[in-house]
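Chemist: Build me a structure from this.
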Amino acid sequence: MNMKNDGSWDFSFWGIMLTGVLFLGAFGAGQWAAQKAELLREGTEQLAVSESRLSKRGADSLEAKAEASADGNWGLGFSQEGKTPVGNASAEYLRQFDAWYAGKPDEKVIYLTFDAGYENGNTEPILDALKKHNAPAAFFLVGNYMETSPELVKRMIAEGHTVGNHTYHHPDMSKISGKEAFEKELSDLETLYEQTTGQKMKKYYRPPQGKYSESNLQMAKEMGYKTFFWSLAYVDWYADKQPSKEEAFKKLLGRIHPGAVVLLHSTSKTNGEILDELLTKWEEMGYRFESLDYLTAQTSS
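Modeler: Next comes the predicted model:
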């Protein structure tokens, strides 16, 4: 595109640019959707982390929008190191549905959570590290994990961890509008858990991929569930493209904050290898580890 003699751009430039932006946006969205569908077919646990690298102005804008309902993907905006990121729904909005994404911002507590769609040998070293540090965690499991790894599920319980409901089939729950179908995804896993462990399942729920709707949150609440999102995560779920130790520490140490609900995937080889050292580093920073029971008690008081 050439510039006119008077120094201005030909107006058609903006039309071309707008067309290009729309095309790239549609293409990128299509590519991402296709990739997610393929990973789900392979049984790979996913995470829909929307990490907006926002300026302070951008974070303020997101915070204002978060006061209203925010159906769709759970997302975060990080504007200041050591501070709770801004979610695309505010803590106050979520609380009306018995939902959380972070704890108190003035208490150096970390809440460890793991999503698990299948077992590939990394859960045992994770459990070993948690035991060494006396750190309670919540494992949000799907039906496949519970069916194929019952002994690990029993170990989680025996060592004081919480097993939460990540649905039976790991669908996009935001697309399920009918109450019966929504409840079935959770109640089928409850039944399997009881058959596996002989115990009633804790009514803690994490939406697969962080996808949710206001009606989902309400239905979960009506079933007696508490819903948990997260305030810190990183790209750890690709089995064939694991982050390096340095990449993991850069995110997990640099963005830690008081009251952090940390989401990790137990399928991650990196997580299995670094967790002991990571927990040590967080302890050296003055943090301690508490369960989600503590989170709900602290923020409900």
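
Chemist: Show the contacting residues for the closest residue to T270 other than its chain neighbours.
Modeler: Closest residue to T270 apart from its sequence neighbours, by CB to CB, 6 or more residues apart in numbering: Q242 at 4.7 Å. No exception for glycine: its C-beta is placed from N, CA and C like everyone else's. Going by CB atoms under 8 Å, 6 or more residues apart in numbering, Q242 touches 236, 268-270.

Chemist: what's the spacing between Q242 and D236?
Modeler: From Q242 across to D236, the span is 7 Å (CB to CB, to the nearest Å).

Chemist: Need the residues touching each of the two.
Modeler: Residues touching both Q242 and D236 by CB under 8 Å, 6+ apart: 268, 270.

Chemist: Output the below-cut-off pLDDT ranges for the stretch 51-200 of the chain.
Modeler: Along the stretch 51-200 of the chain, the model assigns pLDDT under 70 to residues 51-71.

Chemist: can you give me the helices for it?
Modeler: Assigned by DSSP state H, counting those that start in this stretch, the stretch 51-200 of the chain shows helices spanning 56-65, 91-95, 123-132, 143-148, 150-158, 179-197.

Chemist: nearest to W74, of those helices?
Modeler: Taking CB to CB, helix 91-95 is the member of the helices of the stretch 51-200 of the chain nearest to W74, at 10.1 Å.

Chemist: Between which two of the contacts of Q242 is the distance greatest?
Modeler: Top of the distance list for the contacts of Q242 (CB to CB): D236 and K269, 9.2 Å.

Chemist: The two: which is more packed in?
Modeler: D236 (25 against 15; other CB atoms under 10 Å).

Chemist: what's the spacing between the more buried one and K245?
Modeler: From D236 across to K245, the span is 12 Å (CB to CB).

Chemist: again with I256
Modeler: With CB to CB as the criterion, I256 and K245 are 16 Å apart.

Chemist: Those two: which is more packed in?
Modeler: I256 (20 against 13).

Chemist: ok, now which ones touch the more buried one?
Modeler: By CB under 8 Å, 6+ apart, I256 lies in contact with 82, 110, 232, 262, 282, 285, 287.

Chemist: okay if I get the residues you listed as CSV plus secondary structure?
Modeler: As requested, the contacts of I256 are arranged in CSV below (DSSP: H, G, I helix; E, B strand; the rest coil):
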residue, secondary structure
G82, coil
I110, strand
L232, strand
V262, strand
W282, helix
M285, coil
Y287, coil
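
Chemist: Using ChimeraX, define a selection of the buried residues within the residues you listed.
Modeler: To isolate the buried ones among these in ChimeraX, judged by 16 or more other CB atoms under 10 Å, type:
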select :110,232,262,282,287
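
Chemist: Adding distance to V163, write the contacts of I256 out as a markdown table.
Modeler: Putting those into a markdown table (distance: CB to CB, whole Å) gives the following:
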| residue | distance to V163 |
| --- | --- |
| G82 | 31 |
| I110 | 19 |
| L232 | 21 |
| V262 | 17 |
| W282 | 23 |
| M285 | 28 |
| Y287 | 24 |
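
Chemist: what two of the contacts of I256 are the furthest from one another?
Modeler: Going by CB to CB, the pair spanning those furthest: G82 and V262, at 14.5 Å.

Chemist: What segments of the stretch 201-301 of the chain are strands?
Modeler: Along the stretch 201-301 of the chain, counting by DSSP state E, counting those that start in this stretch, strands occupy 204-205, 211-212, 226-228, 260-265, 288-289.

Chemist: out of the ones you listed, nearest to I274?
Modeler: Nearest to I274 among the strands of the stretch 201-301 of the chain is strand 260-265 (10.1 Å), distances taken as CB to CB.

Chemist: Which elements pack onto that closest one?
Modeler: For strand 260-265, the elements it packs on are strand 109-116, helix 269-284, judged by 3 or more CB pairs under 8 Å, 6 or more residues apart in numbering; DSSP states H and E.

Chemist: Tell me which strands the shortest one pairs with, and in which orientation.
Modeler: Looking at strand 109-116 with DSSP bridges, its paired strands and their directions are strand 137-141 (parallel), strand 260-265 (parallel), strand 288-289 (parallel).
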